[in-house]
Structure formats: C-alpha cells, structure tokens
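Q: A predicted structure for the sequence below; I have some questions about it.
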Amino acid sequence: MRNKGWLLAACLVLLMSIVAACGGGAAEPAGGSGASGAGTAGGEAAAEEAPADAAPAKIAVVFATGGLGDKSFNDNGYAGIERAKAELGIEYDYVEPQEISEFETHHREFAKAGEYALIVGIGFDQVDAIGKVAAEFPDQKFLLIDSVVEAPNVASAIFKAHEGAFLAGALSAKKSETKKIGFVGGMDIPLINAFLAGYEAGAKFAEPSTEVLVNYVGAWNDPNTGKEMAVSMYDGGADIVYAAAGGSGLGVFTAAGEKGKWAVGADMVPSQMPDVLSSTTVKRVDNVVFDNVKAVVEGTWSGGLQDLGLKEEAVGYSVEGSNIETAQEAIDFVEDLKAKIIAGEIVVPSALDQVEPFLAGQ
C-alpha cells in the first residue's frame, strides 16, 4: 500500500507540472476592435517581460451629425482614423449622433470608460460637449476639430478654410461661362461664412463682374433642401455652385448632374464625383486626426491650438480626378494666387464684412 501511495503521489505531481507548463504560456485572445489583451496570463510580470504584446491604443471618435457617407467632413475624418489603424495598429470605436444634444452623452460615456487614449470630436458644434466633459475628466485627452476649447487636455484644430475657398472662388470665376456662381452653406454661422467670404473674394478678385448667389440649408443632413436650392441657382443662371454643407451638399451634386452643370465640393476631392465636381476645396481633417493619434501613441501629444492653413498644407483646392476640363491658364492663375497667400502678399478675408474692403484695396 505504501508503494502504491508513493506512485500515485508521483503521478499527481507530474500531472500538475504538465498542466502548469501548458497553462502558463496561454496566448492573448485574438482581437479586432476592442481587444485589450486584459486576459493575458501572468499580469504585470507578463507585461514587463513582453512589452511588445502590450494592448494597442484605443481611440474613440464622435462624428458630426451628417454621419458617414457624406463624402465630406466625416468621411475625411474616418479616412484619418482608418490610416491610423493601418499604420499605427490602433483600435477605435465611433458613434454617429443624429442630434447635437447627443454629443455630451457620447463624450462622457467614452471618457467614463477610461480605456481611450484619445477622444476625437469631429465638428465645431461639439465645443460645448467637449468643454464640459474635458473639465470633468482632466486626465482624458481630447481632439476637437473646427473649434476651440481652452483646456490643457484638449487639442483644438482649426483651419483657414477661407484660404482654400478663395482659390476655388477664383477658379470658378475663371471657368464660369455666365459669370454667375452659387454658394450653398449648411448653416448661417461664422464657420461657414468664412468659406463664403473666401469664395466670394476669390471670385471677384479674379473676375470683378462675377455674381455670387447665396443660400443656407439650415442643417448638415438635408440633401433634399440642398438640391432644391442648387436647382434654383442653376435655373437662375449659375453654372457652378459651391456646397459647404456637409451631407446636405450631396443634394447640390445631384442637382448639378441632373442640370448638366458643375459643382464645387468642400472637404473632399473631385475624384469622389468626377462627372459633376469641377474642383473642390480640401481640408485635411484626415491628416490632423492621424497626426494627433500618432502623437498620442508616441507619447508626444500636447493640448493647445493648432491653427492650420495653406502654409501648413492643411487646406487648399483640387481639380485632380475631375472629368471636367479646366484650362491650364486658369489653374496657373490660381497657383500664382496660392503662392502669394503663402508668402503673405495676399491676406484672404475670413468674414463677410471684410470682403468689400479687401476688394477695394486691390
């Protein structure tokens, strides 16, 4: 009996050793978005021994109310976070609010989770939500696109969109056969009026007789109204209409196609709708999102103002990918204007009340 007991004990010890050897090397769960590696055996010791297996940074994105598929602001931001996923190995979660009133709740829920290295808010109308939540969670990093929150844990990226719009206005005036062009804005607010100021100033700087028709949709996600406004402008003699209206601008592009006219898009490139977009203005939201995520990952991120224009290659215009031909002479004219803006020889107006004084001084 004593020998049998000793043999049984030896077998148990051997079995326990085998189980421990197999269990101690358990792999992290394979993860798509949301995998954190928290289930890795070994706890802190495993993290110290194998830092290469540390969980990827997680990012949260709160998009503007126009939603993804707007071929503009939101899609541009989405391209930046997708690039960060591909190049930096981050993971991300996002929401597409339908109403401005939802912003604060989404930001607070992301911040309360305590798992996001950076929370990104796409759009100026998230300023109040981020301002309030950032104060509640001072250790949480935020990126606000298109407005400013003065807090050490918020990076505020604003764009000199009026500089790009000035170039698009000049090009539109040179291209227009009727010398009548249009502008459809999402809302009658300073941010959108900066686009209009630049567009009108550029058009009348290039061709003083140009007439600019203006209307505002009153929403970022109403393409039907956007279409009605553009149709009215085309029927009124305009042959080019600039849409700075988020998802509402899709209606402008539909109208251009149906009427056989041209359109100018904001925060996109002509190749997205090459048969109707003669040009576009470019706001590199994708680069700003990517650069801020990269800084967070590398430990170099800091809050504060990021004021970005032509000089920083953050805004501009594009004809690339359009199936609509634009004379090289017109492009050369606009490129000369671009160089003068970068050099400080031309200071583009950013508000409507600055347009007439600007033109009078030329």
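A: Nice, thanks for sending it over. Because the structure is predicted, anything quoted here is derived from the model rather than measured.
Q: helix or strand right after the helix or strand of the chain with the lowest mean pLDDT?
A: Here the helix or strand of the chain ranked lowest by mean pLDDT, DSSP states H and E is helix 43-49, holding a mean of 29. Using DSSP states H and E, the helix or strand that follows helix 43-49 towards the C-terminus is strand 58-62.
Q: tell me what that following strand is packed against?
A: For strand 58-62, the packing partners by 3 or more C-beta pairs under 8 Å, 6 or more residues apart in numbering; DSSP states H and E come out as helix 73-88, strand 91-95, helix 103-113, strand 118-122, helix 285-298. (Glycine included, C-beta is placed from N, CA and C.)
Q: ok, now which ones touch the spatially most central residue of the chain?
A: Geometric centre of the chain, nearest residue: G77, 2.9 Å, by C-alpha atoms, centre = their mean. The contact partners of G77, taken as C-beta atoms under 8 Å, 6 or more residues apart in numbering, are 61, 63, 120, 122, 145, 285-286, 289.
Q: now flag whichever of those residues is closest to L352.
A: Set against L352, the nearest of these by C-beta to C-beta is I145 (23.0 Å).
Q: wait, the closest one touches A155, no?
A: No. I145 lies out of contact with A155 (C-beta atoms under 8 Å); the separation is 9.6 Å.
Q: quick check: buried residues in stretch 338-358?
A: For stretch 338-358, a neighbour-count test (16 or more other C-beta atoms under 10 Å) marks 338, 341, 346, 348-350, 354-355, 358 as buried.
Q: tell me which of the residues you listed is nearest to Q98?
A: Distance to Q98 across those (C-beta to C-beta) is lowest for S350, with 30.4 Å.
Q: for A165, see how far away the closest one is.
A: Here S350 is placed at a distance of 10 Å from A165 (C-beta to C-beta, to the nearest Å).
Q: so where do the helices sit in the stretch 201-350 of the chain?
A: With helices called from DSSP state H, counting those that start in this stretch, the stretch 201-350 of the chain shows them at 223-235, 249-259, 285-298, 328-343.
Q: report how many residues lie close to the closest residue to T254 other than its chain neighbours.
A: Spatial nearest neighbour of T254, chain neighbours left out: K227 (5.3 Å); criterion: C-beta to C-beta, 6 or more residues apart in numbering. K227 has 22 neighbours, counted by other C-beta atoms under 10 Å.
Q: my guess is K227 meets A256, correct?
A: No. The criterion here is C-beta under 8 Å, and K227 misses it with A256 at 9.5 Å.
Q: how about P274: what's its closest non-neighbour residue?
A: N323 (4.4 Å).
Q: any idea of the pLDDT on that neighbour?
A: For N323, the pLDDT comes out at 97.
Q: kindly report the same for A255.
A: 98.
Q: from Q272, how far off is it?
A: A255 is 16 Å from Q272, where distance means C-beta to C-beta.
Q: can you give me the end-to-end span of stretch 79-96?
A: 15 Å (C-alpha to C-alpha, to the nearest Å).
Q: give me the buried positions along it.
A: Using 16+ other C-beta under 10 Å as the test for burial, stretch 79-96 gives 79-81, 83-85, 88, 90-94, 96.
Q: what about it, average pLDDT?
A: The model assigns stretch 79-96 a mean pLDDT of 97.
Q: and that stretch, how far out from the chain's middle?
A: With C-alpha atoms, centre = their mean, to the nearest Å as the basis, stretch 79-96 stands 12 Å off its chain's centre.
Q: swap in stretch 55-63?
A: Counting by C-alpha atoms, centre = their mean, stretch 55-63 comes out at 15 Å from the chain centroid.
Q: that one: which residues count as buried?
A: Buried, per 16+ other C-beta under 10 Å, within stretch 55-63: 56-63.
Q: residues near the nearest residue to Q362 once chain neighbours are set aside, how many?
A: Spatial nearest neighbour of Q362, excluding adjacent residues (C-beta to C-beta, 6+ apart): F205 at 6.2 Å. Burial measure for F205: 20 neighbouring residues, criterion other C-beta under 10 Å.
Q: first-to-last residue distance for stretch 281-290?
A: 20 Å.
Q: pull the distance from that stretch to the chain's centre.
A: The answer for stretch 281-290 is 6 Å, by C-alpha atoms, centre = their mean.
Q: average pLDDT for it?
A: Here the average pLDDT along stretch 281-290 is 93.
Q: quick one: contacts of it?
A: Under C-beta under 8 Å, 6+ apart, the answer for stretch 281-290 is 61, 73, 76-77, 79-81, 83-84, 87, 120, 122, 143, 145, 157, 159, 161, 164-165, 167-168, 195, 242, 244, 264-269, 306, 308, 313-318.
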